[in-house]
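Engineer: would you be able to build a 3D model of this:
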Amino acid sequence: MVERIDTDPLTLILKAAGDPTRRAILTHLAQEGPSRVTEIAARFDISLNAVSKHIMVLERAGLVSRRTQWREHLIEVQMAPLAQIDRWFAGLRSVWDQRLEALDAHFAKDAKDD
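Structural biologist: Next comes the predicted model:
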């Protein structure tokens with residue numbers, strides 16, 4: 001099977017945030033602030049290597065950034081990319097709002113006709 005490499009930012013963000021471990025990492029970073037990879041890994045029952053791979057996926061999606069301070073790598077959450085998800089959902093909400101308004105108008109018309 002050929003693996004497709006996605007470059008669409010929204011797809012990368014949704015795929016990265018689709019994993020529960022990566023969501024937990026994002027939540028931790030949002031609540032606690034920048035953390036070392038080893039601090040993040042200590043919170044999970046998986047290897048340091050596995051946590052590093054999760055962090056790399058988050059980095060590719062732009063959801064976290066890495067800054068090096070001496071020998072330490074600090075990982076920091078980046079909230080700006082999440083606005084793309086919000087814009088996408090806003091478009092979906094507007095479709096549903098239109099459908100619900102049409103349904104309300106239909107029921108109001110039926111009630112008026114009775």
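Engineer: could you give the number of residues near the closest residue in space to Arg60 that isn't next to it in sequence?
Structural biologist: Residue nearest to Arg60 in three dimensions, not counting chain neighbours: Leu12, with 6.2 Å by Cβ to Cβ, 6 or more residues apart in numbering. All C-beta atoms are positioned from the backbone trio N, CA, C, and that covers glycine. Here the number of neighbours of Leu12 (other Cβ atoms under 10 Å) works out to 20.
Engineer: please report how far Leu12 lies from Pro81.
Structural biologist: 9 Å (Cβ to Cβ, to the nearest Å).
Engineer: next one: Lys53
Structural biologist: 19 Å.
Engineer: what residues do Leu12 and Pro81 have in common as contacts?
Structural biologist: Ala61, Gly62 (Cβ atoms under 8 Å, 6 or more residues apart in numbering).
Engineer: got phi/psi on the residue nearest the centre of the chain?
Structural biologist: Taking Cα atoms, centre = their mean, the centroid of the chain lies closest to Ala17, which sits 3.8 Å from it. Ala17 has phi and psi values of phi -80, psi -10 when expressed as degrees, to the nearest 10.
Engineer: what pLDDT does it get?
Structural biologist: We have a pLDDT of 93 for Ala17.
Engineer: give me the nearest residue to it, chain neighbours excluded.
Structural biologist: Arg23 (5.9 Å).
Engineer: okay, stretch 46-58 in CSV with CA atoms only?
Structural biologist: Taking C-alpha atoms only, stretch 46-58 is exported to CSV below (Å, rounded to 0.1, in the frame of the first residue of the first chain):
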residue,chain,number,x,y,z
ILE,A,46,5.2,4.6,26.7
SER,A,47,8.9,4.9,25.8
LEU,A,48,10.8,8.1,25.4
ASN,A,49,11.3,7.2,21.8
ALA,A,50,7.5,6.9,21.2
VAL,A,51,6.9,10.2,22.9
SER,A,52,9.5,11.8,20.7
LYS,A,53,7.8,10.4,17.6
HIS,A,54,4.5,11.9,18.8
ILE,A,55,6.1,15.2,19.3
MET,A,56,7.6,15.1,15.8
VAL,A,57,4.1,14.6,14.3
LEU,A,58,2.9,17.6,16.4
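Engineer: thank you kindly, that will do.
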